[in-house]
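[1] just to be clear, the model below is a prediction. Sequence and coordinates:
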Amino acid sequence: MAAMTLSTLPRDTRDTLFLLAVIAWVVIMQLGHIPWWCSVLAFGILGWRTVLSWRGAPLPGWIPRLVLLALTLGATWATHRTILGRDAGVTLIVVLLALKTLEMRARRDAFVVFFLAFFTLLTHFFYSQSLLTAMGILLALLGLLTALVNAHMPVGRPPLPRVAGIAFGMAALGLPVMLVLFLLFPRMAPLWGVPGNDPIGRSGLSEEMRVGEIAELVLNDEIAFRVKFDGDIPPQGALYFRGPVLGDFDGIRWRPQRSAFPPGMALPVDLRPEGEPVRYEVTLEPQRRPWLYVLEATLQAPTLPGMQSTMTRDLQWKTDRPIFELVRYRAESHTSFGYGPREPMLGLQDYLELPPGFNPRTLALAQELRRQTGAGPDSAPAALAAVIERLRTGGYVYTLEPGVYGQHAADEFWFDRKEGFCEHIAASFVILMRAMDIPARVVTGYQGGELNAVDDYWVVRQRDAHAWAEVWLSGQGWVRVDPTAAVAQWRIGSLERLRPPAGALAGMVGSFDPTLLAQMRAVWEAVNNHWNQWVLNYTQGRQLDLLQRLGISSPRWTDLLYALLAVLVVASLAGAAWQLWERQQHDPWLRLLDKARHELTRRGVTARENLPPRALAEHASRQLGDTAFARELAQWLLQLERWRYGRASESSLATLRAEFKRLPWPARNHRP
């Protein structure tokens, strides 16, 4: 019944409902990026417009629209504290697109809605350039093209499937142009990496750590980065991707160390690589932070197109600006290395500081262990071994849900709960080391990952976020110690990870074959990876590499413009040649008859286009009268007819064409 009702709707109503459905899809794609009130208001307006269109009711006047606009501006200001910028701008344009449908009375108004919707589609790329986003935008684009083509067919009631076919054909014809522009249009500064108002961006590691925050990342299964190793993949236990190093502790939070010593007393890096390097390529997802994740330890700067990278004194690599887009870089790392001063120096005192009034039982435990193992730098290895043995045999548990820790978090871990996630264990371990006068600090990053067998990329997810420790030992420098390995060796040495509790949806999905689900996920992530590698990561450097493969020895970005211009010239010449060829393929006899009819029309003799030569001769004779020109024209038209339909003709088509030019044509707009 509903289908019958839809089929009997007036064409204007049908077209309006189709356009509103497409606009609703455009708004749906923005739901994760606009405030809740914006979603409610936009869909409320679209619903209102749908009811008005269905009932054929008049559109509201300017006063309700003005009130809605004022509410939108006020709510946008209250939400974003501005009406400028990316997030506020997207909020406004979504509501304005919906409001514009309330004054869509003529085709002109519809065209404004079309192009405003096209612009709104572009704003999706501010937040994501993923393959899924591109597929959603393509669907909306084809819908808008269908509505646009339909608006250019005002007569009759063309069926939407036929109109959609025309729109799809137009999009297909535009694919070659899109491909050429994609390959050759010079890549300048990133267009879509526009900074937003929020400084955090996607979930990930922070330059501060509070006990319990890294555990929350386990709930996030998003991909942090992908790694493509040139040779064999190092052992799972050696895959430590270094991030922020935290040395300053105020009792609650860990932050990067801010030394109280002058710069001249800063700790030297003194990186001492061992063995052959591991060579690999990293594809890093946007993170809005200037950090490059590389395996410990990387001596040479990663090759990063368009950015400069530097290494801090604690071996963390940073770029000269935050990363707002997908980037790809190559690096070489030595998984066996030593670094830092091997003799005591003043700068190490920073890594012994502990805030007063926190964790008294941990301080007492440190004194007891020092009495057992001895004091001084030479006894540090024995003290370290004693703490590791305590973790291994003391009943400590690695868990995602240790509960909420209080002010004395280290005391609760060592004596009460005896359970925690990696940052609980690492932070408590570093506090105990410092209490034993052993310089120590927390290192955050990612550990492990998993291999996608479809494309052979090593995938590191947010749930692989990890925290470990570094202690300073005399004669060795800084040494990595992962206390989590003492509690749960399987966390470091295998692909196992703690998983968040399964919800209702996960329970339903879990009823399917887990192997099949894993394979489907691997295939989808491999497809996404290819999208990232070949589309999102197609930088100016890769454009220049393309020109180099085409024979340009030292290409520059200006060569891209020359290549693009050359392609356009060649395409224009090819189009002109094709047009000429197509004209030659038409029936030359019909072209000659049309030319005669056209010349007669220019001289005031009107005739239908479907008249054959004999009927055209009779029609011209009646209008021109009994003149020499009329007789010669009639004779020529009869010869043209005999050439086409007679068994034999004494004249060729070339001869008829020459005789046509010799006819005594009267002046234009003149009838004898």
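    That came through fine.
[2] centroid-nearest residue for the protein?
    Taking CA atoms, centre = their mean, the centroid of the chain lies closest to residue 129, which sits 1.6 Å from it.
[3] and that residue, what pLDDT?
    Per-residue pLDDT puts residue 129 at 75.
[4] pretty sure it contacts residue 285?
    No. Taking CB atoms under 8 Å as the definition, residue 129 is not a contact partner of residue 285, at 10.6 Å. No exception for glycine: its C-beta is placed from N, CA and C like everyone else's.
[5] buried ones in stretch 554-562?
    555, 559-560 (16 or more other CB atoms under 10 Å).
[6] same question, stretch 593-610
    Neighbour-count burial for stretch 593-610, counted by 16+ other CB under 10 Å, picks out 593, 596-597, 600, 603, 605.
[7] what sits in contact with each of residue 129 and residue 285?
    residue 326 (CB atoms under 8 Å, 6 or more residues apart in numbering).
[8] circling back to that earlier point, which of the buried residues of stretch 593-610 sit farthest apart?
    Spatially, the most separated pair among the buried residues of stretch 593-610 is 593 and 603, at 16.3 Å (CB to CB).
[9] in the biggest helix by length in the chain, what's buried?
    In the chain, taking DSSP state H as the definition, the longest helix is helix 557-585. Residues 559-560, 563-564, 567 are the ones in helix 557-585 that count as buried (16+ other CB under 10 Å).
[10] so the residue nearest to the centre of the chain belongs to a strand, correct?
    No. The assignment for residue 129, made by DSSP: H, G, I helix; E, B strand; the rest coil, is coil rather than a strand.
[11] low-confidence ranges in the stretch 301-450 of the chain?
    For the stretch 301-450 of the chain, the stretches with pLDDT under 70 are 403-404.
[12] with respect to residue 230, which of the buried residues of stretch 554-562 is nearest?
    Residue 230 has its nearest neighbour among the buried residues of stretch 554-562 in residue 555, at 25.7 Å by CB to CB.
[13] what is the burial count for the residue nearest to residue 641 when sequence neighbours are not counted?
    Nearest residue to residue 641 in three dimensions, chain neighbours excluded: residue 613, at 4.1 Å (CB to CB, 6 or more residues apart in numbering). Burial measure for residue 613: 23 neighbouring residues, criterion other CB atoms under 10 Å.
[14] thought residue 338 was touching residue 477?
    Yes. Counting by CB under 8 Å, residue 338 touches residue 477, with 5.4 Å between them.
[15] the two - which one has more neighbours?
    Ranked by neighbour count (other CB under 10 Å), residue 338 and residue 477 place residue 477 first, with 21 against 16.
[16] grab the nearest non-local neighbour of that one.
    Once flanking residues are discounted, residue 477 sits nearest to residue 340: 3.5 Å by CB to CB, 6+ apart.
[17] for that neighbour, what are phi and psi?
    Residue 340 adopts backbone torsions of phi 90, psi 170, taken as degrees, to the nearest 10.
[18] ok, it - contacts?
    Residue 340 neighbours (CB under 8 Å, 6+ apart): 267-270, 472, 477-478.
[19] follow-up on the earlier one: now do the phi/psi pair for the residue nearest to the centre of the chain.
    Dihedral pair for residue 129: phi -120, psi 30, per degrees, to the nearest 10.
[20] likewise for residue 330?
    phi -110, psi 150.
[21] please renumber so the chain begins at 654
    Sure, I'll start numbering at 654, so the last one becomes residue 983.
[22] for burial, what's the neighbour tally of it?
    Neighbour count of residue 983, defined by other CB under 10 Å: 14.
[23] do I have it right that it meets residue 954?
    No. In terms of CB under 8 Å, residue 983 does not count as a neighbour of residue 954; the distance is 10.3 Å.
[24] and residue 801, that's in a helix?
    Yes. Assessed by three-state DSSP, residue 801 belongs to a helix.
[25] is it true that it touches residue 767?
    Yes. The criterion here is CB under 8 Å, and residue 801 meets it with residue 767 at 5.2 Å.
[26] show me where the stretch 654-803 of the chain has its helices.
    Along the stretch 654-803 of the chain, the stretches classed as helices by DSSP state H, counting those that start in this stretch are 655-660, 664-681, 689-708, 715-733, 739-753, 760-775, 784-804.
[27] JSON lines please, covering the ones you listed and showing mean neighbour count and distance to residue 1275.
    Converted to JSON lines, the helices of the stretch 654-803 of the chain look like this (neighbours: other CB atoms under 10 Å; distance: least, CB to CB, whole Å):
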{"stretch": "helix 655-660", "mean neighbour count": "8", "distance to residue 1275": "51"}
{"stretch": "helix 664-681", "mean neighbour count": "18", "distance to residue 1275": "44"}
{"stretch": "helix 689-708", "mean neighbour count": "17", "distance to residue 1275": "55"}
{"stretch": "helix 715-733", "mean neighbour count": "14", "distance to residue 1275": "61"}
{"stretch": "helix 739-753", "mean neighbour count": "21", "distance to residue 1275": "58"}
{"stretch": "helix 760-775", "mean neighbour count": "16", "distance to residue 1275": "44"}
{"stretch": "helix 784-804", "mean neighbour count": "18", "distance to residue 1275": "44"}
